[in-house]
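K.L.:
Mind folding the following:
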Amino acid sequence: MSNKILFGFHAITVRMKTAPKSIIELHVDATRRDQRMKQFVERARDAGAKLVDSDDDRLHKMCGTHRHQGVVARVEVVAMSHSLDDTLDAVEGPPLLLVLDGITDPHNLGACLRVADGAGAHAVIAPKDHAVGVNSTVAKVASGAADTVPYFMVTNLARTLNELKERDIRIIGTSDDAQKSLYDLDLSGPVALVLGAEGSGMRQLTSKTCDELVRLPMKGAVESLNVSVASGVCLYEALRQRGG
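P.N.:
The predicted structure follows:
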């Protein structure tokens with residue numbers, strides 16, 4: 001089975017909660033003795049993780065960054081649903097999906113996955129040719145959500161959106177030029193919220209495929225929000241309308 005690297009307290013803690021047996025070995029900075037590290041190590045021992053004392057150089061070589069917080073884990077890849085259809089077939093109640101068009105920054109994707117997990121989105125969808133995949137940076141920023149939210153990279157995004165329509169899922173895109181506000185819509189039913197990259201927005205074909213376009217009200221001087229912030233606004237409005 002293939003394995004990958006996770007680093008940072010949040011990402012590894014979530015893995016210990018959701019799939020502790022998938023942790024092959026957990027490397028910790030032997031020089032760090034603060035309370036947070038002590039509690040983390042105790043939790044790791046309770047989870048049965050194999051602990052390895054390491055130093056900053058080794059941790060940096062493992063994950064490629066010094067922003068590891070003193071903890072790096074080598075883990076088995078946890079299998080999630082192999083297809084979007086399987087995921088949707090298993091959903092109880094109205095599906096809530098996040099679609100990202102043109103998001104290539106791993107920090108933005110990680111933050112979007114974290115928001116999607118918090119709001120209870122059933123999956124995140126992106127095109128293969130215009131998106132970043134889940135790497136160690138994405139996993140770190142996602143704080144564990146990369147292991148809990150299915151992320152599907154599809155060959156043809158417009159075709160996938162049309163397939164969602166066949167399941168009676170409304171495709172709602174965001175656009176600064178839209179007449180309607182997000183808050184004018186009923187988001188309590190099956191819905192896929194589509195967001196594009198900050199600045200360029202959605203591609204034209206993606207925009208044309210949407211059932212409806214909405215804008216986020218902007219009352220200040222800035223013209224747009226970061227995509228992860230905008231995702232949070234949209235998803236949590238849908239969550240609010242669904243009863244929280």
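
K.L.:
Any stretches of the protein with poor pLDDT?
P.N.:
For the chain, applying pLDDT under 70 flags the ranges 1-2, 79-81.

K.L.:
looking at it, which residue ends up farthest from its center?
P.N.:
Centroid-distance maximum for the chain: residue 31 at 32.1 Å, with Cα atoms, centre = their mean.

K.L.:
My guess is it contacts residue 53. True?
P.N.:
No: applying Cβ atoms under 8 Å, one finds residue 31 not in contact with residue 53, separated by 9.3 Å. C-beta coordinates here come from the backbone N, C-alpha and C atoms, glycine included.

K.L.:
what ranges do the strands span in this structure?
P.N.:
3-7, 23-29, 51-54, 71-76, 96-101, 123-127, 151-154, 170-174, 180-181, 191-196, 212-215 (DSSP state E).

K.L.:
For the shortest one, which strands pair with it and how are they oriented?
P.N.:
Pointing back at strand 180-181 there. As defined by DSSP bridges, the strand partners of strand 180-181 come to strand 212-215 (parallel).

K.L.:
Name the nearest residue to the residue farthest from the centre of the chain, sequence neighbours excluded.
P.N.:
Spatial nearest neighbour of residue 31, excluding adjacent residues (Cβ to Cβ, 6 or more residues apart in numbering): residue 55 at 7.1 Å.

K.L.:
Throw the strands of the chain into CSV and include distance to residue 240 and mean neighbour count, thanks.
P.N.:
As requested, those are exported to CSV (distance: least, Cβ to Cβ, whole Å; neighbours: other Cβ atoms under 10 Å):
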stretch, distance to residue 240, mean neighbour count
strand 3-7, 32, 20
strand 23-29, 36, 19
strand 51-54, 42, 14
strand 71-76, 35, 22
strand 96-101, 12, 26
strand 123-127, 20, 23
strand 151-154, 24, 19
strand 170-174, 15, 22
strand 180-181, 14, 12
strand 191-196, 13, 25
strand 212-215, 15, 16
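
K.L.:
ok so, going back, for residue 39, see how far away the residue farthest from the centre of the chain is.
P.N.:
17 Å (Cβ to Cβ, to the nearest Å).

K.L.:
Equivalent analysis for residue 243, please.
P.N.:
35 Å.

K.L.:
what sits against residue 56?
P.N.:
29, 31, 66, 70 (Cβ atoms under 8 Å, 6 or more residues apart in numbering).

K.L.:
Alright, that wraps it up for me.
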